[in-house]
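Undergrad: need the 3D shape of this:
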Amino acid sequence: MKQTIFKSLLCAFLGAFVVSNAIAEERVVATVNGQPILQSQVNAAMGKRGDFNAALDKVIDDILVDKAIKESKVQVNQAEVNRIVEDIAARNGLTYGQFLDALDYQGISLAAFKQQIANQMKMAGVRNQAIQNSVDVTREQVESLGKKMMDEAKANGTEQKVIGKQYEVRHILLKLNPLLNDDQAKAQLEQIRSDILSGKTSFADAALNYSKDYLSGANGGSLGYAFPEAYVGPFAKAVQTTPKGTISAPFKSEFGWHILEVTGERDGDRTEDAYRQKAYEQLVNSQLQDSAKDWVKALRKTADIQYFNK
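TA: Got it, this is the predicted structure:
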């Protein structure tokens with residue numbers, strides 16, 4: 001009787017010990033974008049004599065790669081896969097039929113071989129996306145490096161002057177509101193443009209009376225001289241394509257509807273812009289090269305990784 005009770009207590013104790021160990025083993029050691037990583041996952045990756053930190057990093061990397069693949073919108077073109085298969089056969093001096101025989105001899109079906117190639121192409125696409133997304137260049141970095149490069153060029157006597165065209169522009173802006181939709185704004189600007197062309201009013205008076213860019217409107221619509229890149233895309237395009245002295249047709253930007261007139265052109269010094277562009281390219285290329293060396297690390301730059309008692 002006592003022996004039976006002892007065995008029951010021993011079994012209960014051992015059971016509790018095993019359960020408590022399992023619970024301890026299942027503690028969360030890290031999270032990746034909120035997804036928990038359990039001690040047991042790390043132990044499985046670590047093996048009997050593995051390194052805990054290395055195993056944890058491997059689990060994290062596997063999660064990030066799997067997530068990147070699932071979220072990837074990389075599309076594999078089947079025609080490109082077929083072309084690659086034919087190219088592999090040709091580079092090995094085999095006809096397509098001989099290549100199929102070689103695959104069959106190795107126990108590999110053509111469908112399985114094509115799937116391997118498709119997977120490799122998809123992984124390459126995911127890799128490229130990860131590398132591109134890892135680039136993080138700030139305006140301050142560009143300004144600082146650009147100034148340094150320009151100062152060094154001046155000191156060495158190697159500064160290269162860059163000249164670009166500046167445009168003097170005046171415009172009239174109508175902003176959309178519940179009482180003014182796209183069609184109405186465009187029609188109103190067409191009428192204002194017609195009145196200016198017919199001499200019923202001047203551009204300056206129309207800007208003062210109608211433009212919702214009140215600062216320039218008070219100055220006859222003038223925006224002064226600037227490089228086209230200073231403006232948003234549609235406005236910059238209109239500046240560059242509207243002949244000097246003519247009034248553009250109404251066009252829309254993110255700010256509303258405009259008409260504009262180019263009133264002057266001149267050459268401007270774009271040397272600082274050129275060095276800023278060089279600085280930007282240098283910073284981006286440097287980061288791309290670093291990320292390309294280990295693209296999985298690039299995934300970590302955009303991931304939220306939290307460690308607990310690492």
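
Undergrad: report pLDDT for Asp294.
TA: pLDDT, Asp294: 69.

Undergrad: now the helices for the chain?
TA: With helices called from DSSP state H, the chain shows them at 2-25, 39-46, 52-71, 78-91, 96-105, 110-133, 139-156, 182-198, 203-210, 214-217, 233-241, 271-293, 295-301.

Undergrad: so which of those gets nearest Ile259?
TA: Between Ile259 and the helices of the chain, the tightest spacing by CB to CB is seen for helix 182-198, at 5.2 Å. All C-beta atoms are positioned from the backbone trio N, CA, C, and that covers glycine.

Undergrad: packing partners for that closest one?
TA: Counting contacts by 3 or more CB pairs under 8 Å, 6 or more residues apart in numbering; DSSP states H and E, helix 182-198 packs against strand 163-174, helix 203-210, strand 256-269.

Undergrad: and it, how far out from the chain middle?
TA: Computed by CA atoms, centre = their mean, to the nearest Å, the chain-centroid distance of helix 182-198 equals 39 Å.

Undergrad: C-alpha coordinates for that helix, PDB please?
TA: What follows is helix 182-198, C-alpha atoms only, in PDB (Å, rounded to 0.1, in the frame of the first residue of the first chain):
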ATOM      1  CA  ASP A 182     -12.500  69.900 -61.300                       C
ATOM      2  CA  ASP A 183     -14.700  70.800 -64.300                       C
ATOM      3  CA  GLN A 184     -15.800  74.100 -62.800                       C
ATOM      4  CA  ALA A 185     -12.200  75.100 -61.800                       C
ATOM      5  CA  LYS A 186     -11.000  74.300 -65.300                       C
ATOM      6  CA  ALA A 187     -13.800  76.200 -67.000                       C
ATOM      7  CA  GLN A 188     -13.200  79.200 -64.800                       C
ATOM      8  CA  LEU A 189      -9.500  79.300 -65.600                       C
ATOM      9  CA  GLU A 190     -10.300  78.900 -69.300                       C
ATOM     10  CA  GLN A 191     -12.500  82.000 -69.000                       C
ATOM     11  CA  ILE A 192      -9.900  83.900 -67.100                       C
ATOM     12  CA  ARG A 193      -7.300  83.000 -69.700                       C
ATOM     13  CA  SER A 194      -9.600  84.100 -72.500                       C
ATOM     14  CA  ASP A 195     -10.200  87.400 -70.700                       C
ATOM     15  CA  ILE A 196      -6.400  88.000 -70.400                       C
ATOM     16  CA  LEU A 197      -5.700  87.100 -74.000                       C
ATOM     17  CA  SER A 198      -8.500  89.400 -75.200                       C
END
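
Undergrad: what's the mean pLDDT across that helix?
TA: Per-residue pLDDT over helix 182-198 has a mean of 96.

Undergrad: check what pLDDT Ile5 gets.
TA: For Ile5, pLDDT reads 42.

Undergrad: shaky segments in the stretch 201-310 of the chain?
TA: Scanning the stretch 201-310 of the chain for pLDDT under 70 picks out the ranges 291-294, 310.

Undergrad: I'd like the helices and strands packed on helix 182-198 as JSON lines, with distance to Gln306 appended.
TA: Below are those laid out as JSON lines (distance: least, CB to CB, whole Å):
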{"stretch": "strand 163-174", "distance to Gln306": "48"}
{"stretch": "helix 203-210", "distance to Gln306": "56"}
{"stretch": "strand 256-269", "distance to Gln306": "45"}
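
Undergrad: make TSV out of these and add distance to Pro243 and mean neighbour count.
TA: Below are those laid out as TSV (distance: least, CB to CB, whole Å; neighbours: other CB atoms under 10 Å):
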stretch	distance to Pro243	mean neighbour count
strand 163-174	11	20
helix 203-210	15	18
strand 256-269	7	18
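
Undergrad: any stretches of the stretch 1-150 of the chain with poor pLDDT?
TA: Looking at the stretch 1-150 of the chain by pLDDT under 70, you get 1-25.

Undergrad: returning to what we had before: quick one: which of the helices of the chain is nearest Thr263?
TA: The nearest among these, by CB to CB, is helix 203-210 at 8.9 Å.

Undergrad: for the closest one, which outside residues touch it?
TA: By CB atoms under 8 Å, 6 or more residues apart in numbering, the list of residues contacting helix 203-210 from outside reads 170-172, 174, 188, 192, 195-196, 201, 216-218, 220-221, 247, 261.

Undergrad: now the phi/psi pair for Thr302, please.
TA: Phi and psi for Thr302, reported as degrees, to the nearest 10, are phi -110, psi 10.

Undergrad: how close does the nearest residue to Thr31 once chain neighbours are set aside get to Lys165?
TA: Nearest residue to Thr31 in three dimensions, chain neighbours excluded: Gln306, at 4.7 Å (CB to CB, 6 or more residues apart in numbering). From Gln306 over to Lys165 the distance is 52 Å, taken as CB to CB, to the nearest Å.

Undergrad: please apply the same query to Thr241.
TA: Noted for Thr241: a distance of 13 Å to Lys165, by CB to CB.
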